[in-house]
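Chemist: Provide a 3D model corresponding to the input given below.
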Amino acid sequence: MHYLVILSACVAVASSLVVQPYAAPAFCHRQQCPKFTVSQNFSGYELRHYEKSLWVATNLTTMEFTDQDDSAMFYKLFHYISGNNTRDMKIEMTTPVILKVEHGPGPTCESFFYKHFMVPFEFQNNPPTPTDPDVYITELPPFDVYVKIYGGRPSFNDKMMMIETLVEEIGSPSAFEERFYYFAGYDGPYTIRNRHNEVWLVAKHSPTDSKPVMLYLAILSVCVAVASSLAVQPSAAPAFCHGLECPNFTVAHSYSGYELRHYEKSVWVATNLTTMEFSDQDNSAMFFKLFHYISGNNTSHMKIEMTAPVLLKVEHGPGPTCESFFYQHFMVPFEFQNNPPAPTDPDVYITELPPFDVYVKSFGGRPTFDDKMMMIENLVEEIGSPSAFEERFYYFAGYDGPYTIHNRHNEVWLVAKH
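Modeler: Numbers count the residues shown, from 1 in each chain. Alright, predicted model coming up:
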């Protein structure tokens with residue numbers, strides 16, 4: 001008996017010193033998953049730490065990510081594990097399939113999409129090389145992510161809604177990377193029960209020893225302040241322009257809920273449509289006419305830098321059976337304001353907006369056309385006096401691409417009368 005007691009104690013101590021094999025969670029469905037530990041649980045989400053891992057990946061740069069794009073990227077990776085590699089070998093499927101979305105800075109910017117399959121553990125140190133030039137091996141370093149879990153068969157819009165919900169639940173934008181995020185899927189298309197999906201936001205962390213860094217930042221901030229006081233300051237675009245060129249304006253007056261701005265003269269590329277009922281398809285078609293112009297559909301065959309905002313002017317018809325007029329605009333970059341390349345599409349043209357004053361109401365979110373109409377009507381009520389602004393037309397201004405998830409900025413404009 002004494003022997004057994006001593007032996008069991010020794011086994012217990014030895015077990016505590018042995019590294020336990022990683023047990024994948026049930027939602028991995030007995031497939032290999034990247035190794036992680038849960039650092040902290042919150043209400044509605046958790047913080048995980050992932051170990052370093054190798055993945056096979058492919059990427060796409062586009063304005064509008066479709067189900068067809070998603071499928072094409074998936075099958076590039078599936079063909080890799082099916083034998084499209086230098087060893088002509090079939091590789092076990094792993095989980096999850098992750099999609100990294102790195103959003104463009106503004107409404108006319110392309111975004112970047114990266115689809116990944118994890119390389120099985122047995123090949124982590126020496127994975128077969130892909131034979132498709134669009135497929136490559138990449139390493140994800142150790143990282144921490146905020147993870148929100150949910151079920152069902154989410155559409156892309158559902159996933160966007162979930163990532164925005166996670167942003168709201170975390171609360172502090174300084175806690176995570178805003179430039180990109182991940183969608184993770186653990187189930188095939190024919191799984192009917194206990195489906196498992198996740199959205200990930202990569203956590204930001206302070207250095208372990210922050211004192212040297214803080215001292216460096218303090219010195220740097222003093223140097224920047226001194227240099228700034230000596231330098232001639234250029235006209236700085238507001239933060240909601242996301243580093244893109246915006247039309248120059250000054251705020252003439254701030255009111256409760258809106259402001260009055262003065263805009264300088266500016267040159268824009270535009271297209272227009274006359275219709276009884278303006279649809280999302282109409283809006284998209286107009287947008288892409290202008291996007292093709294800046295992508296090279298111009299007499300100089302040049303790619304032109306993107307600007308913000310995308311501006312839609314709505315000139316309403318006089319009655320219920322009358323057509324209305326819609327004008328979509330991109331601002332021409334400052335370097336081409338005096339001599340912009342001419343469009344090659346006959347439906348696209350260069351136009352000048354003279355100096356003008358506008359009442360502006362700003363708001364966030366992902367507004368529908370009806371939401372924008374509600375905002376312009378709210379602005380009308382807030383201004384109060386119909387003699388203060390032009391009633392025949394108004395503007396909607398958008399500053400973000402479709403994949404921006406935080407601090408989205410939208411505006412409605414009413415041109416002031418003077």
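Chemist: quick one: low-confidence ranges for the protein?
Modeler: For the chain, the stretches with pLDDT under 70 are 1-22, 206-235.
Chemist: ranges for the helices of it?
Modeler: Counting by DSSP state H, the chain has helices at residues 2-17, 67-81, 156-170, 211-230, 280-294, 369-383.
Chemist: from the chain's centroid, how far away is the third one?
Modeler: Distance of helix 156-170 from its chain centroid, counting by C-alpha atoms, centre = their mean, to the nearest Å, is 12 Å.
Chemist: list the contacts of it.
Modeler: By C-beta atoms under 8 Å, 6 or more residues apart in numbering, the residues outside helix 156-170 that reach it are 42-45, 65, 67, 70, 146, 148, 150, 152, 154, 173, 176, 181, 183, 197, 199, 201, 403, 405-406. C-beta coordinates here come from the backbone N, C-alpha and C atoms, glycine included.
Chemist: please pick the buried ones from those.
Modeler: Applying 16 or more other C-beta atoms under 10 Å to the contacts of helix 156-170, the neighbour count classes 45, 65, 70, 146, 148, 150, 154, 176, 181, 183, 197, 199, 201, 403, 405-406 as buried.
Chemist: and residue 65, how far from residue 59?
Modeler: Computed as C-beta to C-beta, to the nearest Å, the residue 65 to residue 59 distance reads 12 Å.
Chemist: give me the common contacts of the two.
Modeler: Overlap of the contact sets of residue 65 and residue 59 (by C-beta under 8 Å, 6+ apart) consists of residue 113.
Chemist: ok, residue 409 - how many residues close by?
Modeler: Neighbours of residue 409 under the rule other C-beta atoms under 10 Å: 21.
Chemist: contacting residues for it?
Modeler: By C-beta under 8 Å, 6+ apart, residue 409 lies in contact with 240, 362, 364, 399, 400.
Chemist: neighbour-wise, which one of these leads?
Modeler: Comparing the contacts of residue 409 on neighbour count, residue 400 comes out first with 25 neighbours (neighbours: other C-beta under 10 Å).
Chemist: how about the nearest residue to that one, chain neighbours excluded?
Modeler: Distances taken as C-beta to C-beta, 6 or more residues apart in numbering place residue 408 nearest to residue 400, at 4.8 Å, with adjacent residues excluded.
Chemist: number of residues surrounding the one you found?
Modeler: Residue 408 is flanked by 17 other residues according to other C-beta under 10 Å.
Chemist: the one 5 residues further on too?
Modeler: For residue 413, the tally of surrounding residues (other C-beta under 10 Å) stands at 24.
Chemist: just residue 138 next, same as before
Modeler: Residue 138: 14 neighbours (other C-beta under 10 Å).
Chemist: surely it and residue 116 touch.
Modeler: Yes - taking C-beta atoms under 8 Å as the definition, residue 138 is a contact partner of residue 116 at 7.4 Å.
Chemist: between these two, which contacts overlap?
Modeler: Shared contacts of residue 138 and residue 116, counting by C-beta under 8 Å, 6+ apart, come down to 55, 56, 57.
Chemist: highest neighbour count among those?
Modeler: Neighbour max across these (other C-beta under 10 Å) = residue 56, 25 neighbours.
Chemist: in contact with it, which residues?
Modeler: Taking C-beta under 8 Å, 6+ apart, one finds 77, 80, 81, 116, 117, 119, 127, 130, 135, 136, 137, 138 in contact with residue 56.
Chemist: look up which residues are beta-bridged to it.
Modeler: Residue 56 has these beta-bridge partners by DSSP bridges: residue 117, residue 137.
Chemist: and it, how far is that from residue 386?
Modeler: 61 Å.
Chemist: over to residue 182?
Modeler: For residue 182, the distance to residue 386 (C-beta to C-beta) stands at 49 Å.
Chemist: between those two, tell me which one has more neighbours.
Modeler: Neighbour totals were compared for residue 182 and residue 386, and residue 182 leads with 20 against 10 (other C-beta under 10 Å).
Chemist: tell me what that one is bridged to.
Modeler: In this entry, residue 182 is beta-bridged to residue 100, residue 200, by DSSP bridges.
Chemist: shouldn't it be in contact with residue 148?
Modeler: No - checked against C-beta under 8 Å, the pair residue 182 and residue 148 is beyond contact range at 11.0 Å.
Chemist: so what's residue 34 closest to, chain neighbours aside?
Modeler: residue 53 (4.8 Å).
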